[in-house]
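**Student:** output the structure for:
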Amino acid sequence: MKTYYFSDEISWIEARRGKITGSKLGGIISKRNIDKKKQGFYELIAERIGLPADGENPMDRGHRLEEEAIERFEKMTDKKVNCELVLWVKDDNESIALSPDGMIGETEAVEVKCLSSARHIEAYLTGEIPEEYRYQGLQYFVVNEKLEKLYFCFYDPRLKVKDFFIIEMNRSNLTDEINTLEIYQKDTLKEVEEIASKLMEF
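**Tutor:** Residues are numbered from 1 along each chain as shown. Next up, the predicted model:
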């Protein structure tokens, strides 16, 4: 065993980057499946190839970088994206809606995600949209029945490699999920309306 001594906390923090320490181990090992990668695994990779986290609020970073990400998408695909501030509303139910990040005609759209470096790398290596954003992607298709393809654009300029990539969602592969989500929302809204009406009676 080697022992290193530090005179300040900043040097100590920097020396821990990219290493499995006692406090990080629990975030790496999955008790149920040791082969399944947990978030800590991707954080280690991010520390090796990325810049230190800057403490910026992820939502603020997403808004700040959205225009850059759209420009990268347009350059990569030769597609022109309309980024007007709009709200899509479903034809047969105005309580089901979505605000697209970008539109390409009526049949294609763009959703931008500027995640933490670890989440960005996880999405790249797995080739999958993070679970917490999957319903958001499906909602594009629920609301816009003409939509055929959604481009999820992942952008993290802090990374030195693979700072931008695209994962596609296609209606043709998602029909059952889209239908199920639409029915669920309509049933939920009906229940909400019934409860609200009853409460208004008192």
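
**Student:** all contacts plus neighbour counts: C-alpha atoms, from now on.
**Tutor:** OK.

**Student:** where are the low-confidence patches of the protein?
**Tutor:** Where the chain drops to pLDDT under 70, the residues are 1-6, 12-55, 58, 202.

**Student:** what ranges do the strands span in it?
**Tutor:** 88-90, 93-98, 102-104, 108-113, 149-155, 164-170 (DSSP state E).

**Student:** export those strands as CSV, with columns for distance to residue 184 and mean neighbour count.
**Tutor:** Output for the strands of the chain, formatted as CSV (distance: least, Cα to Cα, whole Å; neighbours: other Cα atoms under 10 Å):
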stretch, distance to residue 184, mean neighbour count
strand 88-90, 14, 16
strand 93-98, 11, 14
strand 102-104, 26, 20
strand 108-113, 23, 22
strand 149-155, 21, 23
strand 164-170, 20, 17
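
**Student:** out of the ones you listed, nearest to residue 10?
**Tutor:** strand 149-155 (27.8 Å; Cα to Cα).

**Student:** off-centre distance for the closest one?
**Tutor:** Chain-centre distance of strand 149-155: 9 Å, with Cα atoms, centre = their mean, to the nearest Å.

**Student:** now the strands of the chain as JSON lines including distance to residue 59?
**Tutor:** Shown next, in JSON lines, are the strands of the chain (distance: least, Cα to Cα, whole Å):
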{"stretch": "strand 88-90", "distance to residue 59": "21"}
{"stretch": "strand 93-98", "distance to residue 59": "17"}
{"stretch": "strand 102-104", "distance to residue 59": "17"}
{"stretch": "strand 108-113", "distance to residue 59": "9"}
{"stretch": "strand 149-155", "distance to residue 59": "13"}
{"stretch": "strand 164-170", "distance to residue 59": "18"}
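
**Student:** nearest to residue 63, out of those?
**Tutor:** Of all those, strand 108-113 comes closest under Cα to Cα, at 9.3 Å.

**Student:** who's in contact with residue 99?
**Tutor:** 85-88 (Cα atoms under 8 Å, 6 or more residues apart in numbering).

**Student:** buried ones among those?
**Tutor:** Buried residues within the contacts of residue 99, counting neighbours by 16 or more other Cα atoms under 10 Å: none.

**Student:** in helices, which of the residues you listed appear?
**Tutor:** Among the contacts of residue 99, the subset assigned to helices under DSSP state H is empty.

**Student:** mind putting those residues into CSV with distance to residue 164?
**Tutor:** Output for the contacts of residue 99, formatted as CSV (distance: Cα to Cα, whole Å):
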residue, distance to residue 164
85, 23
86, 25
87, 26
88, 27
